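Participant: my questions concern the predicted model and sequence given below.
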Amino acid sequence: MRLTVNQKTQHLVAMAQGGDESALNQLCKVYWSRVLWIVRLRMGKELRSKLESIDIVQDVLMCVFRDMEGFTYRSEGDFLRWLSRLVENRLRGKVTKLHAGKRDIRKEVQLDSHERTTGGGLVGTAGPIDVTTPSVIMSRREDLAKLEKAIDALKPEYREIIVLTKIEGLSYKEIGQRLGKSDEAVRKQVSRALETLISIYENV
Amino acid sequence: MADLIEDNQEHILGQAVRQFIDAGLQGQEPDIDEFVKQYPQLEHQIRQKIRNLGEIDTLFNSLLKAEESDFEDEMAGHDLVGQKVRSFEIVEMIGHGGMGVVYLARDTRLKRSVAIKSIPAGLACDSTARIRFRREAELLASLNHPNIAVIHEIIEEDKSGYLILEYVPGQTLAERIAQEPLKLEEALLISQQIADAVSAAHKKGCTP
């Protein structure tokens, strides 16, 4: 029987929770680039620019997977949101720390390059994730970079509402409660934000 | 005056697109063909914008869901590490392209490192992929150029195929560029080598 993506992930999550290192590695390989992009889109330009290296994202993701106790897999969307939220929280914590100490960032691959070299010049030990394997999402990185630029160019209210609907997957009602607006007002705002996003995306 | 008309057109276009998006957000599944009839002069622009919306939606959706091939690639990549193909011990995966995974391996007979390109598991049973694989091997064998890796052997088994190639250590061009921008002379030298190799391949009938 062929397993679906959900079943495969669920299986890997269960194995990783039981301490299976190879399941843990595989989860990281499958998910790190998605998590990276979700975190990037959610963080916004300013905070993103303070994170120099994608190695940090990978390391943090590995830690999150290791501490996965008590997590129940419900759906792909939930799983990815949960992962990226935890990664983002830890990253936010690290940003302050990172900038307290002196680091030679020239030796590291910039977060903006989306790629990690396997050659020399990489600080630290070889990470757990081998990104020489281009996943489906890696093959879309040019479009994602374009989308990221377009989202960055939106005014903050539009940016927020796009992140809440498209990434967080919240309903208009939930967003309305959060922002103190009616469902209809939220929906209209989403239409306006999307229309603006399309226009910027076309010209990036 | 012309600017005013243009501004007005932009305004109507924006309004129309918002209207279409809003109908969709309300779950009405609006029909684009019907919708554009209301704006005959803006039909092309409206369609273009809705196509871009579709593209953006697909990007968001692809972010929030892993795809089957992500797992398959991983499985394929891990299958061979630590295993032996004839006299070659597979050490690690060093690359991955559309047509196969590339491993670093140890040739136990001749005591040297080789690169092994394997046909992806999903394609091994596909006859067209096999033919392309064999053709790639034959083409490589017919080439003799310092900037093109040498092929040592082709191994074809029931459900798998391997090209045993010269192992060329070092970085890929993408990795090199990611490190620091190339100097002009360096870029020219690399370009010349690439062009030489492509030209040699072209002369042997290898065309895109």
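Facilitator: Yes, it's here.
Participant: could you tell me the end-to-end distance of stretch B:151-169?
Facilitator: Using Cα to Cα, to the nearest Å, one end of stretch B:151-169 lies 15 Å from the other.
Participant: is chain A within reach of that stretch?
Facilitator: No - judged by Cβ under 8 Å from any Cβ of the partner chain, stretch B:151-169 stays clear of chain A, getting no closer than 9.8 Å. Where you see a C-beta, it was placed from the backbone N, CA and C, and this is true even at glycine.
Participant: could you do stretch B:11-22 as well?
Facilitator: Yes - shown here: stretch B:11-22 in contact with chain A (Cβ under 8 Å from any Cβ) through B:14, B:17, B:18, B:19, B:21, B:22.
Participant: narrow those residues to those in strands?
Facilitator: Assigned to strands by DSSP state E, none of the residues of stretch B:11-22 next to chain A qualify.
Participant: compare those residues and tell me which is most surrounded.
Facilitator: Counting by other Cβ atoms under 10 Å in any protein chain shown, residue B:17 has the largest number of neighbours within the residues of stretch B:11-22 next to chain A, with 26 neighbours.
Participant: ok, longest strand in chain B?
Facilitator: With secondary structure taken from DSSP E, chain B has its longest strand at strand B:88-97.
Participant: tell me which residues in that one are buried?
Facilitator: Buried residues in strand B:88-97, counting neighbours by 16 or more other Cβ atoms under 10 Å in any protein chain shown, are found at B:88, B:89, B:90, B:91, B:93, B:94, B:95, B:96.
Participant: output those residues as TSV; include the columns distance to residue A:193 and pLDDT.
Facilitator: Formatted as TSV, the entries for those read as follows, by distance: Cβ to Cβ, whole Å; pLDDT from 0 to 100:
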residue	distance to residue A:193	pLDDT
B:88	55	93
B:89	55	91
B:90	50	89
B:91	50	87
B:93	42	80
B:94	43	82
B:95	40	74
B:96	37	63
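Participant: give me the next element, helix or strand, following the lowest-mean-pLDDT helix or strand in chain B.
Facilitator: None of the helices or strands of chain B scores lower by mean pLDDT, DSSP states H and E than helix B:68-79, at a mean of 60. Using DSSP states H and E, the helix or strand that directly follows helix B:68-79 along the chain is strand B:84-85.
Participant: strands paired with that next one, and their directions?
Facilitator: Its sheet considered, strand B:84-85 pairs with strand B:88-97 (antiparallel) by DSSP bridges.
Participant: how far off centre is the strand it pairs with?
Facilitator: 18 Å (Cα atoms, centre = their mean, to the nearest Å).
Participant: so which elements touch the helix or strand following it?
Facilitator: Taking DSSP H and E as the definition, the helix or strand that follows strand B:88-97 towards the C-terminus is strand B:100-107. Contact analysis of strand B:100-107 by 3 or more Cβ pairs under 8 Å, 6 or more residues apart in numbering or on different chains; DSSP states H and E lists strand B:88-97, strand B:112-118, strand B:161-166 as its packing neighbours.
Participant: how about the ones you listed in TSV, adding distance to residue A:42?
Facilitator: TSV is the format used below for the helices and strands packed on strand B:100-107 (distance: least, Cβ to Cβ, whole Å):
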stretch	distance to residue A:42
strand B:88-97	28
strand B:112-118	38
strand B:161-166	42
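Participant: out of those, nearest to residue A:72?
Facilitator: Taking Cβ to Cβ as the measure, the helices and strands packed on strand B:100-107 were each checked against residue A:72, and strand B:88-97 came out nearest at 32.4 Å.
Participant: what about residue A:36, which helix or strand?
Facilitator: Using DSSP H and E, the secondary-structure element containing residue A:36 is helix A:21-48.
Participant: which elements pack onto that helix?
Facilitator: helix A:5-17, helix A:54-66, helix A:76-100, helix A:136-139, helix A:141-152, helix B:43-63, helix B:68-79.
Participant: just name the most buried of these.
Facilitator: Burial among the helices and strands packed on helix A:21-48, expressed as mean neighbours by mean count of other Cβ atoms under 10 Å in any protein chain shown, is greatest for helix A:54-66, which shows a mean of 20.
Participant: which stretches of chain B have low pLDDT?
Facilitator: B:1-2, B:72-79, B:96-100, B:120-129, B:159, B:207-208 (pLDDT under 70).
Participant: give me the residues contacting stretch B:38-46.
Facilitator: B:9, B:12, B:13, B:16, B:17, B:20, B:32, B:35, B:36 (Cβ atoms under 8 Å, 6 or more residues apart in numbering or on different chains).
Participant: how about stretch A:146-157?
Facilitator: With Cβ under 8 Å, 6+ apart as the contact definition, stretch A:146-157 has outside contacts at A:37, A:40-41, A:44-45, A:159, A:162-163, A:189, A:193, A:196-197, A:200-201, A:204, B:56, B:59.
Participant: try 6 Å this time
Facilitator: With contact meaning Cβ atoms under 6 Å, 6 or more residues apart in numbering or on different chains, stretch A:146-157 is reached by A:41, A:45, A:159, A:197, A:200, A:201, A:204, B:59.
Participant: and residue B:145, what are its phi and psi?
Facilitator: Per-residue torsions, residue B:145: phi -140, psi 140 (degrees, to the nearest 10).
Participant: what's the local residue count around it?
Facilitator: There are 16 residues near residue B:145, going by other Cβ under 10 Å.
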